[in-house]
Structure formats: structure tokens, C-alpha cells
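Trainee: show me how the following folds:
(chains A and B)
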Amino acid sequence: MARMKFLCDADRCIECNACVTACKNENEVPWGINRRRVITINDGKPGERSISMACMHCMDAPCAAVCPVNCFYTTADAVVLHSKDLCIGCGYCFYACPFGAPQYPKTTNFGTRGKMDKCTYCAGGPKEDNSKAEFESYGANRLAEGKLPLCAEMCSTKALLAGDGAMIETIYKERVMKRGYGSGAWGWKTAYKETISI
Amino acid sequence: MAKFLAALGVVLTLAFGAPVMAQQPASVNPRADSVTEQDLLNALKPGQTVHGRTSILDDRASNLIAPGNKEWREIHQGIMSWIGAFSILGMAGGLLLFYLMRGKIRIAKGPSGQTITRFNSFERFTHWLTASTFLVLAASGLNITFGKFVIQPWLGDAMFGPWSQFAKFAHNYLSFPFMLGVVLMLLIWVRDNIPNGGDIAWFKAGGGLIGDQHPPAARFNGGQKVIFWSVILGGAALTFSGLMLLFPFRWAGLEGLQLSNIVHGIVGMLMIAAMLAHIYIGSVGMEGAFDAMGTGEVDLNWAKEHHSLWVEEEMAKKGGMPAGGKPVAAE
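Mentor: Residues are numbered from 1 along each chain as shown, chains lettered A, B, ... in the order given. Next up, the predicted model:
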């Protein structure tokens, strides 16, 4: 089985936010929830770079470690998913996540924040693949249809890559070799404890 | 004609002149001054994040990578759980050992049949308001920390999810009557709980736990004062950290919430351990003690043994008659 990863080639990202829009549309994400976002480092200064960031589907995921109800699980494709039937909206995963991936439909914890929502790598959740129930709770399950996450598929500059980690690493390395520079595989070191040497 | 020549001149200038005017370097290296992830990670100091600007109107969303969050994970999954497990199991084990060695502490002279009012109804209401909410808060708090190791395996996911959701609701809402109870306790009992020299003597004498003699004590003895102040100070710490967590990002940022969680967890666990001892000595551990918070009327002999100074004071007030005392028929 593949080890799915995201890689955002910041030297190609033009901050068009199409990935964000694609994600919201494909998964019908409620207002206020951002499964993916684009962050610009050194905005307006020479050498600024934009990076599209979502859940990195970490190895040894911190969210899963701190979850008090064990609602997280890792699929055979190494995608980190969670069960909204179990989630109690405590917010611990947000405290632990290095990427700010977990989102909550309500801003206050008094009563509840609501069930946590995050990037599913377009792989749905613990319901029957592509069922109505799965879509309503978790969004699209493109992986079950043999497709990759829509954010990466729609990226106009092919900055955002999704797929098997080894394969997108090869693509990125080839790019770096050819053009002679690369700002790095953002988040990989934190998520997978190793990054792509450039 | 002149107009045409002028126009031609402009066109020619644009066509051939412009490139010469806007001369650029032969090659541009876009990597010059470009940020790299490794440089940014290397430059991070503890507590800092790699952050930038995002179009989302939420400052938290502009954090790209926060590697420091793993420290909270390590504390939360490590030392916090261990402190909780050791203090609670240690206290429970210690109490069991104490019970096996010492047994139930009896009233040395036996019950007198005469009673004296120890706590009025408002005091008892305050105690039980705080105590009953604390029990629910403790159970739901323990569920958050240890439920996934202890309860989830045998309850199963289908039951553990709704149960934990219910427990979390209970924890959030019952925190308010608990806070009220702590405030009321402070108001009604603080004047009897100021530490004084008598407490030192009480502790030196082992509080009557070791041996059979009962060191003199006023309304509250040294041990009860320790319980009182741990409830007040622990309650204050739980209230403060709990309110931070109840209203996330209102008063505290992510680091503040992580710290609040650590304080809330550790203080909560220590409070549970302290309350185990309190519950023990107030129920199975000592004959006659439960009446104080049950009916509010304690046996006079019990009161004389455990709170000799207080009984003297009460007797003086009532002119020799025990307060609330019922006359006993002469044998």
C-alpha cells in the first residue's frame, strides 16, 4: 500500500487559493471551517513564499495520541481519519497538532465546540464508502474511487502534490535538480521526522 | 505628415528603444532571498511558530508549523497521567493499609447519646453542593484522562462515545455550581480555618491518627484546615484554568490553553487524591464523623475527643448546655 502524503512546492505556489476553494466545494465544508489554507511567509518582501497547508496525515499522529476517546485511526494508505461518532469536541487535537489542522464548527467550548472536522485526504470517514452518511459527516471519498484529493488535482501550477510519498518526493527532487533551488518539503520534518534533502 | 512622422517615431521608439531602456540582468535567480523551511525551523526559539499571513480572518490560521506543540503532547501523555495514577492509586492503597492497621477509629468513651450541633443546614448544603458536583467532575475528569485505557476497552466505542460526550457536558455545566460551592465555603469557614500554633501541636501529636490520645483542636483541626485550604486553593486553580478551557481563545492563546490543561489536570488529580482521604475519614474511617455532615448533630463524646476546644467554646456560649443537645432520660 502507498504512504499518502501532501507536498507543497512553495516555489510554484502562487497563492491563488484554488486548493482551498476546491476543498470547500468538494467536501461541502461548512462556513468557518478551513480544512486547507494558504499561508504566505515574508508577505510582500523579496523571497516571499506561499504554502498550502492542511492535515499532513502524520506518522505517529499527535492528535491521535492525545485524543481522550481514541477517535482517530490510520488507514492502510497512512491517511489519518477520525470518527465523529466518538469525537466529543474537547479540542485536545488542536492543542497537539503542529499544523493547526483540526477545526470546530463552534468557537466556544462551553456546551461544546461541536465535532472536530479536518482534512480527510478526500478519503471520507468510518462510514460506508461514498454513502450519503459518509458524505454528510466527512465529505467526499475520492480515494475510494481511485482519485487523489481534489486540492492537489486542481492546482493550476502543480505546486500542491498528493500521492504516494516516495513518488511525490521523486517529482519534487527532479524539479529541484532541474531548476536549481527549492524551499523544502514544508511540514515533512515535523510530520514524518524526515524531510527531502535538497 | 508631421503628425505621421511623430507617430512613427513613437512606434519605433517603443519597438526598439524600450528593450534597451528596461535593461534587465541576464538571469534572475528566484531563490535569492527566498525563505526555506529548514532556515525558518532552525531560527525558531521555544514557543515560536513558523507563521505568515493568510486570507482567513483568524490569527491562529496564520501559523504554518508549530513544532513546540509536541511538548504539550509529551507532558499530557506522560507526566500528567503518571502524577494522576500515582497520587490516586497511592492514596487509595495508603488508606486501605491504614484501615487494615488501625481499623475504624472508635469514640473512645463510646457514644454519649447527647448531641451537639456541628454544622447548620446552610453549611451542610454548601458542603454537599460542592461535594456532589465534585464527584461528577472527578468522574468525568478521570474519564477524559484514563477512560480510553480503562473504560473504552470493555464499554466499546458505541457506548464510550455517547458516555464521554455526556460526561463532558456534565463537566462543563456542573463546574459552575462547584465554583459557587467553593466560594461559599470560603465565606462561611475561612474564619475557623486560619492556621495557628495549635495546629502545629496537633500535627506534632500525629493528629490522633497514630496512638490513642487526641490532641486538642478547635472547630477545625490541622488536618481539616489542610483539606479546607486545598479545596480553596485547588478550587481556585481549577476554576481559573477551567474557565480558560471553557472559553477557548477568549483569554488565553494556544500556549495558555496548553498550560491551563496541564494545571487543570494535575491539580484535579491531586484534589481527587486529597478527597479520597477526606471521604475515608468522614465515613468508614471514623465512628461518629459522618453525622457532622449528615444530620449536622454530632455525639458529644465524639466532639469532646476530636474538637475539645470547640466544645468548650460552645458550652460556654450556651451556658453549660450542649447546643442542640437533647436531654437524656436518667437511668
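Trainee: what segments of the chain are helices?
Mentor: Using chain A. Counting by DSSP state H, one finds helices in chain A at the ranges A:18-27, A:62-66, A:92-96, A:132-138, A:150-154, A:165-179, A:188-192.
Trainee: that's the other chain; I wanted chain B
Mentor: Using DSSP H, the helices of chain B run over B:2-12, B:18-21, B:37-43, B:69-77, B:79-102, B:121-150, B:152-155, B:157-189, B:197-204, B:222-246, B:254-282, B:300-306, B:308-317.
Trainee: so which of those helices is the most packed in?
Mentor: helix B:300-306 (a mean of 22; mean count of other Cβ atoms under 10 Å in any protein chain shown). All C-beta spots, glycine's among them, are computed from the backbone N, C-alpha and C.
Trainee: so the spatially closest residue to residue B:230 that is not a sequence neighbour versus residue B:213, what's the distance?
Mentor: The spatial neighbour of residue B:230 that comes closest, neighbours along the chain excluded (Cβ to Cβ, 6 or more residues apart in numbering or on different chains), is residue B:274 at 5.1 Å. Taking Cβ to Cβ, to the nearest Å as the measure, residue B:274 falls 25 Å from residue B:213.
Trainee: sorry, back to before: okay if I get the helices of chain B as JSON lines plus mean pLDDT?
Mentor: JSON lines is the format used below for those (pLDDT from 0 to 100):
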{"stretch": "helix B:2-12", "mean pLDDT": "56"}
{"stretch": "helix B:18-21", "mean pLDDT": "46"}
{"stretch": "helix B:37-43", "mean pLDDT": "89"}
{"stretch": "helix B:69-77", "mean pLDDT": "94"}
{"stretch": "helix B:79-102", "mean pLDDT": "95"}
{"stretch": "helix B:121-150", "mean pLDDT": "96"}
{"stretch": "helix B:152-155", "mean pLDDT": "93"}
{"stretch": "helix B:157-189", "mean pLDDT": "95"}
{"stretch": "helix B:197-204", "mean pLDDT": "86"}
{"stretch": "helix B:222-246", "mean pLDDT": "95"}
{"stretch": "helix B:254-282", "mean pLDDT": "96"}
{"stretch": "helix B:300-306", "mean pLDDT": "90"}
{"stretch": "helix B:308-317", "mean pLDDT": "88"}
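Trainee: how much space is there between residue B:222 and chain A?
Mentor: 37 Å (Cβ to the nearest Cβ, to the nearest Å).
Trainee: looks like that residue contacts residue B:202 (just checking).
Mentor: Yes - applying Cβ atoms under 8 Å, one finds residue B:222 in contact with residue B:202, separated by 4.0 Å.
Trainee: how close does the residue nearest to residue B:38 when sequence neighbours are not counted get to residue A:90?
Mentor: Among residues not flanking residue B:38 along the chain, residue A:184 sits closest, at 5.7 Å (Cβ to Cβ, 6+ apart). Relative to residue A:90, residue A:184 is positioned 33 Å away (Cβ to Cβ).
Trainee: ok, those two, which is more surrounded?
Mentor: residue A:184 (27 against 24; other Cβ atoms under 10 Å in any protein chain shown).
Trainee: how much space between residue A:17 and residue A:31?
Mentor: As defined by Cβ to Cβ, residue A:17 lies at a distance of 16 Å from residue A:31.
Trainee: those two - which one has more neighbours?
Mentor: For residue A:17 versus residue A:31, the count of surrounding residues by other Cβ under 10 Å is larger for residue A:17: 17 against 6.
Trainee: what bridges to the closest residue to the more buried one other than its chain neighbours?
Mentor: Distances taken as Cβ to Cβ, 6+ apart place residue A:38 nearest to residue A:17, at 5.4 Å, with adjacent residues excluded. On the basis of DSSP bridges, residue A:38 is bridged to residue A:52.
Trainee: what sits against the residue nearest to residue B:230?
Mentor: For residue B:274, the contact set (Cβ atoms under 8 Å, 6 or more residues apart in numbering or on different chains) comprises B:91, B:227, B:230, B:234.
Trainee: all strands for chain A, in order.
Mentor: Per DSSP state E, chain A carries strands over the ranges A:4-8, A:37-41, A:49-53, A:72-74, A:80-82, A:160-164.
Trainee: tabulate those (a markdown table), appending distance to residue B:168, mean pLDDT and mean neighbour count.
Mentor: What follows is the strands of chain A, written out as a markdown table (distance: least, Cβ to Cβ, whole Å; pLDDT from 0 to 100; neighbours: other Cβ atoms under 10 Å in any protein chain shown):
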| stretch | distance to residue B:168 | mean pLDDT | mean neighbour count |
| --- | --- | --- | --- |
| strand A:4-8 | 32 | 96 | 26 |
| strand A:37-41 | 28 | 95 | 25 |
| strand A:49-53 | 29 | 95 | 26 |
| strand A:72-74 | 17 | 97 | 17 |
| strand A:80-82 | 16 | 97 | 24 |
| strand A:160-164 | 34 | 97 | 21 |
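Trainee: now those as a markdown table including distance to residue B:46?
Mentor: Shown next, in a markdown table, are those (distance: least, Cβ to Cβ, whole Å):
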| stretch | distance to residue B:46 |
| --- | --- |
| strand A:4-8 | 26 |
| strand A:37-41 | 20 |
| strand A:49-53 | 22 |
| strand A:72-74 | 27 |
| strand A:80-82 | 26 |
| strand A:160-164 | 31 |
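Trainee: list phi and psi for residue 118.
Mentor: No chain was given, so I picked chain A. Here is the backbone geometry of residue A:118 (degrees, to the nearest 10): phi -160, psi 170.
Trainee: my question was about chain B
Mentor: The phi/psi pair for residue B:118 (degrees, to the nearest 10) is phi -100, psi -50.
Trainee: that one: how many residues sit nearby?
Mentor: The tally of other residues near residue B:118 (other Cβ under 10 Å) stands at 25.
Trainee: and it, what does it touch?
Mentor: Contacts for residue B:118 (Cβ under 8 Å, 6+ apart) come out as B:291-292, B:296-298, B:303.
Trainee: then residue B:144?
Mentor: Residue B:144 makes contacts with A:68, A:90, B:164, B:167-168, B:171, as judged by Cβ under 8 Å, 6+ apart.
Trainee: next one: residue B:164
Mentor: Contacts of residue B:164 by Cβ under 8 Å, 6+ apart are A:68-69, A:86, A:88, B:143-144, B:147.
Trainee: in JSON lines: the residues you listed, plus distance to residue B:310.
Mentor: Output for the contacts of residue B:164, formatted as JSON lines (distance: Cβ to Cβ, whole Å):
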{"residue": "A:68", "distance to residue B:310": "44"}
{"residue": "A:69", "distance to residue B:310": "48"}
{"residue": "A:86", "distance to residue B:310": "52"}
{"residue": "A:88", "distance to residue B:310": "46"}
{"residue": "B:143", "distance to residue B:310": "39"}
{"residue": "B:144", "distance to residue B:310": "40"}
{"residue": "B:147", "distance to residue B:310": "42"}
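Trainee: of those residues, closest to residue B:196?
Mentor: Nearest to residue B:196 among the contacts of residue B:164 is residue B:144, at 39.2 Å by Cβ to Cβ.
Trainee: deepest of the helices of chain A, which one?
Mentor: helix A:92-96 (a mean of 24).
Trainee: from residue B:55, how far off is residue A:44?
Mentor: Relative to residue B:55, residue A:44 is positioned 14 Å away (Cβ to Cβ).
Trainee: compare those two (neighbour count), which wins?
Mentor: Using other Cβ under 10 Å, the more surrounded residue of residue A:44 and residue B:55 is residue B:55, with 14 against 7.
Trainee: contacts only, for that one.
Mentor: Counting by Cβ under 8 Å, 6+ apart, residue B:55 makes contact with A:17, A:38.
Trainee: nothing else from me, thank you.
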